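# starting from these lines, generate the structure:
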Amino acid sequence: MPGWAEILVRSFVFLIVLFLITKGLGKKQMSQLNIFQYITGIVIGSIVAIHVTDVATNPVYGILALAVWFLIPVTVEFLALKSKGFRNIFQGKGTVLIQNGKIMEDNMKKERFTTDNLLEELRNNQVFNAADVEFAVLEPTGKVNLLPKKENQPITPKILGTNVSPEKESQTVIMDGNALLEPLANASLNTNWLETELTKMNVSIENVFLGQVDSDGQLTVDLYDDKLAVPEPTEKPLLLASMKKCQADLELFALATESQESKDLYQKNSERMQQAIDKITPYLQ
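Predicted coordinates:
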């Protein structure tokens, strides 16, 4: 076999082997690497490069070496699940860089982490003043995670003491102009509902590049033609407006009638409607 043909065959074979090994090692190998995963990636890449480009080598030996370097990280991962000490040795552990708002200079020296490195990582976390950080840790992957001080954290509904509606995963129900039946079923919807919603928007499904349904059952679409404008969903604002109008009408009826019995009835139902509005408003905004 000519040398160029053998290289093509080897490349194809080792590509398949490398793909299977990567799938077997799992998603962690594709994310930011810890120390052992970094070493494993270098060795596996070197084995493949040598046995693909050097026709004098025996490809069987290359596949055998890859099998060994597949079993080693799998074994290490298994043992790491069983032992914290083993995990610390082979996968590393986090190093605290800032604690209680104080920079830990000794830990930075231990990790050879300069002040410029720290400030860069803070900026990557949208923090531009080290004094705004309560806690920061250097992960084994080399990434810095931090906790801002309480006064610098974003305001959340929990802090404000307000209720918000639970939100589930949005379902992609249209892709490339085709309806997706499984996501529709996951959202407890069907194609008839989808056609009705598209008709309201005066849109044909063939013109929809992407369509998604949120946890409230509202459909939003993106069209192939970017020049066309699609109206925003209005179901929730309309429902809230209708409830407020109903409550206002009940108050108006209570003021207009001369019958005390009717006045009390209207007033009582007006108060009930207001209570319902107060409870449902967080879910409709």
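# can you dump the C-alpha coordinates of stretch 266-275 into CSV?
Extracted in CSV, the C-alpha atoms of stretch 266-275 (Å, rounded to 0.1, in the frame of the first residue of the first chain):
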residue,chain,number,x,y,z
TYR,A,266,-71.0,44.0,44.5
GLN,A,267,-68.6,45.3,47.2
LYS,A,268,-67.9,41.8,48.5
ASN,A,269,-67.2,40.4,45.0
SER,A,270,-65.0,43.5,44.2
GLU,A,271,-62.9,42.7,47.3
ARG,A,272,-62.6,39.1,46.3
MET,A,273,-61.6,40.1,42.8
GLN,A,274,-58.9,42.4,44.2
GLN,A,275,-57.5,39.6,46.3
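# and the host helix or strand of Thr172, which strands flank it?
Using DSSP states H and E, the element containing Thr172 is strand 171-175. Strand 171-175 has the following strand partners under DSSP bridges: strand 178-179 (antiparallel), strand 208-213 (antiparallel).
# now those strands as a markdown table including mean neighbour count and mean pLDDT?
Every residue, glycine included, has its C-beta placed from N, CA and C. Formatted as a markdown table, those follow (neighbours: other CB atoms under 10 Å; pLDDT from 0 to 100):
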| stretch | mean neighbour count | mean pLDDT |
| --- | --- | --- |
| strand 178-179 | 14 | 92 |
| strand 208-213 | 20 | 91 |
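# got a markdown table for those strands, with distance to Glu271 too?
Below are the strands paired with strand 171-175 laid out as a markdown table (distance: least, CB to CB, whole Å):
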| stretch | distance to Glu271 |
| --- | --- |
| strand 178-179 | 45 |
| strand 208-213 | 35 |
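# any idea how far Gly45 lies from Leu15?
Taking CB to CB, to the nearest Å as the measure, Gly45 falls 12 Å from Leu15.
# give me the number of residues near Thr281?
By the measure other CB atoms under 10 Å, the count of residues near Thr281 is 14.
# look up phi and psi at the residue nearest to it when sequence neighbours are not counted.
Closest residue to Thr281 in three dimensions, ignoring its sequence neighbours and counting by CB to CB, 6 or more residues apart in numbering: Leu240, at 6.7 Å. Leu240 adopts backbone torsions of phi -60, psi -40, taken as degrees, to the nearest 10.
# mind giving me the packing neighbours of the helix or strand hosting Thr196?
Secondary structure assignment for Thr196, by DSSP H and E: helix 191-200. Under the contact criterion of 3 or more CB pairs under 8 Å, 6 or more residues apart in numbering; DSSP states H and E, helix 191-200 touches helix 181-186, strand 219-223.
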